[in-house]
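Participant: Just need the structure, nothing else, for what follows:
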Amino acid sequence: MATTKKTIAIRARRRNRVRVRIRGTAAIPRLTVFRSNVAIYAQLIDDATGTTVVRASSRDLVKRGPKMADATAVGKLIAERATPAGITAAVFDRGSYRYHGRVQALAEGARAGGLKF
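Facilitator: Residues are numbered from 1 along each chain as shown. Okay, here's the model as predicted:
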């Protein structure tokens, strides 16, 4: 299915609207999500230095299953990896994606893993 110019414009406006309002710091980084047709990726970014502190993806999982279950597992995995780095809270950046489906499952998995939004 081809992405139209209108769809691209809508996603760009949504992404800009979300990103203008949030910033990540060293104490409270930005949890950003990228969702492809095959996998889902998440990373904690410190916007002050422009570095990725922690990252996780469904490709890191030993056993992969349905996409929704993978998204929840990635959320828990990033929360696990954030704890040794001293991160307990984050700002959720959904990017150009609506907060439902796999994006919502990832956020709920991160909350279940101990990360606070």
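Participant: Helices along this structure, start to end?
Facilitator: Assigned by DSSP state H, the helices in the chain fall at 5-21, 67-82, 102-112.
Participant: Now residue 77. Nearest residue, chain neighbours left out?
Facilitator: Leaving aside its chain neighbours, residue 77 sits nearest to residue 56 (4.4 Å; criterion: C-beta to C-beta, 6 or more residues apart in numbering). All C-beta atoms are positioned from the backbone trio N, CA, C, and that covers glycine.
Participant: Tell me how many other residues crowd the one you found.
Facilitator: By other C-beta atoms under 10 Å, 24 other residues sit near residue 56.
Participant: Pretty sure it sits against residue 81.
Facilitator: Yes. Using C-beta atoms under 8 Å, residue 56 makes contact with residue 81 at a distance of 6.1 Å.
Participant: returning to that earlier point: which one, of the helices of the chain, ends up nearest to residue 46?
Facilitator: Smallest distance to residue 46 across the helices of the chain (C-beta to C-beta): 12.0 Å, for helix 67-82.
Participant: next one: that closest one to chain centre, how far?
Facilitator: 10 Å (C-alpha atoms, centre = their mean, to the nearest Å).
Participant: Low-confidence regions, this protein specifically.
Facilitator: 1-2 (pLDDT under 70).
Participant: Bridging across strands, which residues link to the most centrally placed residue in it?
Facilitator: With distances taken as C-alpha atoms, centre = their mean, residue 33 lies nearest the centre of the chain, 2.7 Å away. Applying DSSP bridges to residue 33 yields these beta-bridge partners: residue 42.
Participant: quick one: it and residue 94, what's the gap?
Facilitator: Shown here: residue 33 relative to residue 94, a distance of 6 Å by C-beta to C-beta, to the nearest Å.
Participant: How about residue 19?
Facilitator: Distance, residue 19 to residue 94, by C-beta to C-beta: 10 Å.
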